[in-house]
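Peer 1: sequence and predicted structure, then a few things I'm wondering about:
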Amino acid sequence: MDKKIVLTGDRPTGKLHIGHYVGSLSNRVKMQNQGLYEMYVMIADLQALTDNARDTEKVRNSVLQVALDYLAVGLDPEKTTIFIQSQIPALSELNMYYLNLVNVARLERNPTVKAEIKQKNFSRSIPAGFLTYPVSQAADITAFKANLIPVGDDQEPMIEQTREIVRSFNGAYGNVLVEPEGVFPPNGQGRIPGLDGNAKMSKSLGNTIYLSDDEDTLRKKVMSIYTDPEHIHIDSPGKVEGNIVFTYLDIFGKDKEKIQELKNHYKRGGLGDVTLKNYLFDVLNEVLLPIRTRREFYSKNPDAVYEMLKKGSEKANLKANKTLLEVKEAMGVNYFK
């Protein structure tokens with residue numbers, strides 16, 4: 001029986017944070033290690049350029065940082081094909097064909113795109129590439145005939161738009177493309193709040209804990225976390241709901257009994273925020289220490305990382321080119337054989 005194909009990736013605009021880890025990275029590593037899937041993980045530099053076209057150096061530098069984060073969390077290039085989007089020409093050509101199957105109104109209704117347009121204050125000055133990047137994602141996914149897409153919850157509208165494009169294409173040209181399914185984090189963990197209590201952890205908002213943060217940086221960030229603004233005195237009862245420290249403990253803490261005891265203590269009073277944050281620091285540091293250690297190891301040899309990306313891109317090219325030929329055959333635009 002053929003393995004199901006998994007495709008996922010990230011836009012390189014900086015290092016990855018614990019929200020990425022919970023949202024999709026841990027799922028990718030788990031699926032990789034199960035040995036049941038053919039895994040492709042993409043560094044989506046072309047998509048990063050949709051809102052960084054005048055800062056290509058930022059994107060270029062971030063490609064290495066994201067690759068280091070991938071290796072640090074446990075993605076293994078012997079088991080998973082890690083590649084760079086811009087090095088796969090077939091993706092751009094597929095994107096061009098798919099753009100003709102989608103109207104502008106549908107793109108503007110995409111909830112994920114609408115949210116990011118608002119966050120980036122584009123108003124009506126939206127780069128065309130940014131507006132159409134759901135179509136680019138559809139090209140990425142269908143090029144590998146991916147069955148499963150491990151992503152955060154906020155990416156569900158993008159998966160649905162890909163499914164619509166697949167149905168439109170197959171309806172017009174025959175059953176060539178595969179409809180993908182999303183694989184989402186458990187228990188609503190796909191979108192964890194930022195340190196400041198903002199609904200989303202985001203690099204642009206500066207409310208993140210990076211996978212590469214050292215212990216001192218981690219401690220400072222944990223101590224800055226939003227808790228209960230009305231919990232002024234240790235003896236006063238505190239609120240657990242909406243308290244980011246407890247949100248993170250629920251996600252990352254292994255000792256659920258201990259965490260429940262802390263919640264009960266906090267609610268009745270007598271437990272200070274500093275004590276609580278010190279415990280969270282220990283929990284997060286235990287998670288991040290092996291990631292940080294592996295990242296430091298790989299960062300000492302960037303040439304080897306780029307060689308890994310080159311080999312991955314070469315393999316990905318073969319797969320994407322095969323799909324492109326099938327698409328052109330179905331559309332009747334393969335004029336020379």
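Peer 2: Alright, I've got the coordinates.
Peer 1: which helices and strands does the lengthiest helix in the chain pack with?
Peer 2: The single longest helix within the chain, with elements called by DSSP state H, is helix 302-331. Packing partners of helix 302-331 (3 or more Cβ pairs under 8 Å, 6 or more residues apart in numbering; DSSP states H and E): strand 37-43, helix 56-73, strand 80-84, helix 89-99, helix 133-143, helix 156-173. Every residue, glycine included, has its C-beta placed from N, CA and C.
Peer 1: what comes up buried for the fourth one?
Peer 2: The one in question is helix 89-99. Ala90, Leu91, Glu93, Leu94, Asn95, Tyr97, Tyr98, Leu99 (16 or more other Cβ atoms under 10 Å).
Peer 1: need the contact list for the residue nearest to the last one when sequence neighbours are not counted.
Peer 2: Of all residues not flanking Leu99 in the chain, Val135 sits nearest, at 5.4 Å (Cβ to Cβ, 6 or more residues apart in numbering). By Cβ atoms under 8 Å, 6 or more residues apart in numbering, Val135 lies in contact with Asn95, Tyr98, Leu99, Val102, Leu107, Gln161, Ile165.
Peer 1: can I get these in CSV with distance to Leu289 and pLDDT?
Peer 2: Shown next, in CSV, are these (distance: Cβ to Cβ, whole Å; pLDDT from 0 to 100):
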residue, distance to Leu289, pLDDT
Asn95, 40, 96
Tyr98, 43, 97
Leu99, 45, 96
Val102, 45, 93
Leu107, 42, 87
Gln161, 39, 93
Ile165, 42, 96
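Peer 1: between these, which is closest to Tyr279?
Peer 2: Taking Cβ to Cβ as the measure, Tyr279 lies nearest Gln161 of these, at 41.9 Å.
Peer 1: need the contact list for that closest one.
Peer 2: Val102, Arg106, Asn110, Pro134, Val135, Gln137, Ala138.
Peer 1: got it, and Gly194?
Peer 2: Lys200, Met201, Ser202, Leu205, Asn207, Thr208, Ile244.
Peer 1: same thing but 7 Å
Peer 2: Lys200, Met201, Ser202, Leu205, Asn207, Thr208 (Cβ atoms under 7 Å, 6 or more residues apart in numbering).
Peer 1: now the helix or strand bottoming out on mean pLDDT in the chain against helix 156-173, angle please.
Peer 2: Least confident helix or strand, the chain: helix 111-119 with a mean of 79, by mean pLDDT, DSSP states H and E. Counting by axes from the mean of the first three to the mean of the last three Cα atoms, to 10 degrees, helix 111-119 lies at 130 degrees to helix 156-173.
Peer 1: now do the next helix or strand after helix 111-119: everything it contacts.
Peer 2: Moving toward the C-terminus from helix 111-119, the next helix or strand (DSSP states H and E) is helix 128-131. With contact meaning Cβ under 7 Å, 6+ apart, helix 128-131 is reached by Thr50, Asp51, Leu107, Val113.
Peer 1: among the residues you listed, name the ones in helices.
Peer 2: Leu107, Val113.
Peer 1: returning to what we had before: tell me the angle of the least confident helix or strand of the chain relative to helix 133-143?
Peer 2: Going by the same axes, to 10 degrees, helix 111-119 makes 140 degrees with helix 133-143.
Peer 1: how would you label the residue in the chain sticking out farthest from the centre: helix, strand or coil?
Peer 2: Distance from the C-alpha centroid of the chain, by Cα atoms, centre = their mean, peaks at Asp235 (40.6 Å). Per DSSP: H, G, I helix; E, B strand; the rest coil, the local secondary structure of Asp235 is coil.
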